[in-house]
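Peer 1: Fold the stuff below for me.
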Amino acid sequence: MRITTISTTPPSRNPPTVNAMYNLQVPMPIPCTTKTQFFNGQYIEDFLNQIVLHASQAGETDLDKMVKYLMDYSSNQVKDIIIYMDEFDLDKLATLKWKSAKDSCIVWLYR
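Peer 2: Residues are numbered from 1 along each chain as shown. Next comes the predicted model:
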């Protein structure tokens with residue numbers, strides 16, 4: 001005896017699905033709000049990594065453009081010091097370099 005099964009489901013007329021990748025950009029957190037991380041002079045490497053992570057998620061991939069975020073996300077005490085460093089001169093945004101600013105923060109912190 002032979003058993004035959006018959007499908008009552010019609011064949012799919014939809015094309016096969018394609019795995020699509022979406023690049024969801026999340027804006028940078030608003031500086032000085034209650035849940036925003038800021039640099040208070042401790043754990044500089046963690047802070048710098050968090051800035052890069054947040055900026056990358058916001059679509060900013062150029063490290064040199066992230067220098068301005070170091071000012072935005074620093075405590076007033078830290079700002080009062082780094083604002084006078086050449087590596088943070090916001091009047092010269094085109095010449096700011098992430099590596100120089102990062103190195104200056106580390107040198108200042110561990111002096």
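Peer 1: those helices in this structure, which residues are they?
Peer 2: 44-57, 67-72, 76-82, 98-109 (DSSP state H).
Peer 1: now, of those, which is deepest in the fold?
Peer 2: When you average the neighbours per residue for each of the helices of the chain (mean count of other C-beta atoms under 10 Å), helix 67-72 leads with a mean of 19. Backbone N, C-alpha and C define where each C-beta goes, glycine included.
Peer 1: Tell me which other helices or strands it touches.
Peer 2: Helix 67-72 makes packing contacts with helix 44-57, helix 76-82, helix 98-109 when contacts are defined by 3 or more C-beta pairs under 8 Å, 6 or more residues apart in numbering; DSSP states H and E.
Peer 1: Any idea which of the helices of the chain gets closest to residue 91?
Peer 2: helix 67-72 (11.5 Å; C-beta to C-beta).
Peer 1: Keeping just the C-alphas, turn the closest one into CSV.
Peer 2: Extracted in CSV, the C-alpha atoms of helix 67-72 (Å, rounded to 0.1, in the frame of the first residue of the first chain):
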residue,chain,number,x,y,z
VAL,A,67,37.9,66.0,19.3
LYS,A,68,35.1,68.5,19.9
TYR,A,69,33.2,65.8,21.8
LEU,A,70,36.0,65.7,24.4
MET,A,71,35.1,69.2,25.4
ASP,A,72,31.4,68.7,25.3
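Peer 1: what sits up against stretch 51-64?
Peer 2: 23, 25-29, 65-66, 69-70, 73, 96-99 (C-beta atoms under 8 Å, 6 or more residues apart in numbering).
Peer 1: Out of these, which end up buried?
Peer 2: 28, 29, 66, 69, 70, 73, 96, 98 (16 or more other C-beta atoms under 10 Å).
Peer 1: circling back: mind putting the helices of the chain in JSON lines, distance to residue 91 and mean pLDDT included?
Peer 2: Below are those laid out as JSON lines (distance: least, C-beta to C-beta, whole Å; pLDDT from 0 to 100):
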{"stretch": "helix 44-57", "distance to residue 91": "21", "mean pLDDT": "90"}
{"stretch": "helix 67-72", "distance to residue 91": "11", "mean pLDDT": "90"}
{"stretch": "helix 76-82", "distance to residue 91": "15", "mean pLDDT": "89"}
{"stretch": "helix 98-109", "distance to residue 91": "15", "mean pLDDT": "87"}
